[in-house]
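# Curious how this folds, go ahead:
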Amino acid sequence: MGAPHIGIAGAGLAGRTLAWRLARAGCRVSLFDAKRRDDLTSASQTAAAMLSPLAELAVSDDAVFALGQRSMQLWPQWVAQMAEHSGQPVYFRQYGTLVVAHAQDQSSLEHFNRLLHHKLSGASQDQVQTLDAAALGRVEPALAGRFGGGLYLQGEGQLANDQWMAALALELDRLGVQWHESQTVERIEAKAMICAGQTHNIDIAVDARGVGSRAAWPQLRGVRGEVLRVECAGVALQRPVRLMHPRYQLYVAPRPNHQFVVGATELESEDAGPVTVRSVLELASALHSVHPAFGEARVLRMSAALRPALDDHRPAISLRDGVWHINGLYRHGYLCAPALVDDLAHKLME
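Down below sits the predicted model:
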């Protein structure tokens with residue numbers, strides 16, 4: 001028997017990456033998505049793609065941490081494979097993360113530090129280093145004199161999610177994946193995808209539609225996230241910076257060409273509308289407090305999207321009624337996706 005024909009509904013991060021791994025392994029893959037491949041409104045495109053198993057442990061659990069640690073081993077391999085075979089380099093760095101706070105918010109930083117040390121095992125605790133002001137300035141010169149100190153989370157990384165998604169699209173074409181763009185999946189059966197009244201026969205069905213899968217997975221909900229992309233030649237950061245605050249954590253993730261992805265908002269709302277004025281004001285104010293040069297930053301894009309979440313905030317793989325589901329990536333999408341995709345790809349090819 002030859003390799004199976006696998007149909008995947010949803011061309012976001014999980015669906016697109018899974019299609020790539022399966023096609024590389026010799027499977028015939030058909031990918032179905034309601035949007036065009038270059039659409040920028042999905043949760044996969046509205047993300048900072050920070051690979052932060054340590055920092056995220058403060059708001060997650062050991063299961064997410066374990067997935068994140070595995071993914072941190074896979075990401076550099078996969079990015080290298082992508083560059084080798086597609087010729088599409090993807091911005092990837094593993095220079096750690098800095099966590100800082102202004103003087104009035106030091107208690108938030110101290111609580112964050114205690115929480116991490118409480119949750120981490122002995123070996124992982126060594127990855128959390130406390131820096132005084134001088135050490136912080138040496139690690140990240142742009143922050144010299146700006147803060148009284150901070151935490152350095154060794155081994156964490158970041159990825160340019162827009163480059164990853166674009167590179168996947170080109171590589172899937174090269175590998176012969178049949179891509180059904182702008183086609184809403186009306187129904188998924190064990191061996192069929194039904195789109196626009198047409199039945200596409202397959203051997204294995206996978207549902208990776210995020211919040212679009214709620215009819216099949218009622219426990220799913222959408223959690224709104226909002227980000228800004230700015231350009232600022234006056235600031236040079238080598239690694240992501242998280243700013244502690246009593247109400248939120250701002251994150252600033254550097255990108256090539258003096259660009260930065262900025263976010264903090266996480267709202268229990270299924271409103272997928274444009275970014276609100278309040279969010280823009282809060283994000284811009286906090287960003288300016290990180291470095292005054294950000295006051296002259298150019299806003300390139302403001303975006304909001306719904307992240308698919310389950311009640312326990314853990315991503316999950318499930319087989320129900322003959323259909324495989326991969327979903328619930330929540331705010332941990334890029335952190336956990338490689339490990340999840342790797343697990344599911346092995347199950348599908350057993």
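
# tell me which element the residue nearest the centre of the chain falls in.
To find the centre residue of the chain, average its C-alpha atoms and take the closest one (CA atoms, centre = their mean): that gives residue 334, at 3.0 Å. Under the criterion of DSSP states H and E, residue 334 resides in helix 333-348.

# which outside residues touch that helix?
Applying CB atoms under 8 Å, 6 or more residues apart in numbering, the external contacts of helix 333-348 come out as 4, 6, 13-14, 17-18, 21-22, 25, 27, 43-44, 47, 49-53, 56, 64, 67-68, 70-71, 74-75, 78, 159, 161, 204, 206, 307, 315, 317, 324, 326, 329. (Each C-beta comes from the backbone N, C-alpha and C, glycine too.)

# Check the model's average confidence along that helix for me.
Averaged across helix 333-348, pLDDT comes to 97.

# The strand or helix carrying residue 131: partners in the sheet, and parallel or antiparallel?
Applying DSSP H and E as the criterion places residue 131 in strand 128-132. Using DSSP bridges, the strands paired with strand 128-132 in its sheet are strand 149-153 (antiparallel).

# ok so, going back, any chance of a PyMOL selection covering the buried ones in the contacts of helix 333-348?
Selection of the buried residues among the contacts of helix 333-348 in PyMOL, burial being defined by 16 or more other CB atoms under 10 Å:
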select buried, resi 4+6+13+14+17+18+21+22+27+43+44+47+49+50+51+52+53+56+64+67+68+70+71+75+78+159+161+204+206+307+315+317+324+326+329
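
# which ones among the contacts of helix 333-348 are found in helices?
In this view, the contacts of helix 333-348 that belong to helices under DSSP state H are 13-14, 17-18, 21-22, 53, 56, 64, 67-68, 70-71, 74-75, 78, 161.

# Grab the nearest non-local neighbour of residue 293.
For residue 293, the nearest residue in space outside its immediate sequence neighbours is residue 234; the separation is 3.4 Å by CB to CB, 6 or more residues apart in numbering.

# I figured that neighbour hits residue 298, correct?
No: between residue 234 and residue 298 there is no contact, the gap being 11.0 Å when judged by CB atoms under 8 Å.

# residues touching residue 163, list them.
Applying CB under 8 Å, 6+ apart, we find residue 163 in contact with 88-91.

# now do residue 19
Contact criterion CB under 8 Å, 6+ apart gives 8, 11, 29, 31, 168, 172, 177 as the residues in contact with residue 19.

# 6 Å instead?
Contacts of residue 19 were listed using CB atoms under 6 Å, 6 or more residues apart in numbering, and they are 8, 29, 31, 172, 177.

# out of these, who's nearest residue 270?
In terms of CB to CB, no member of these lies closer to residue 270 than residue 8, at 24.2 Å.

# and the gap between the closest residue to residue 27 other than its chain neighbours and residue 348?
For residue 27, the nearest residue in space outside its immediate sequence neighbours is residue 3; the separation is 4.6 Å by CB to CB, 6+ apart. In this view, residue 3 and residue 348 are 10 Å apart by CB to CB, to the nearest Å.

# Now do the SS call for residue 136.
In terms of secondary structure, residue 136 is helix; the call rests on DSSP: H, G, I helix; E, B strand; the rest coil.

# Burial check on it, number of neighbours?
Residues within reach of residue 136, counting by other CB atoms under 10 Å, total 23.
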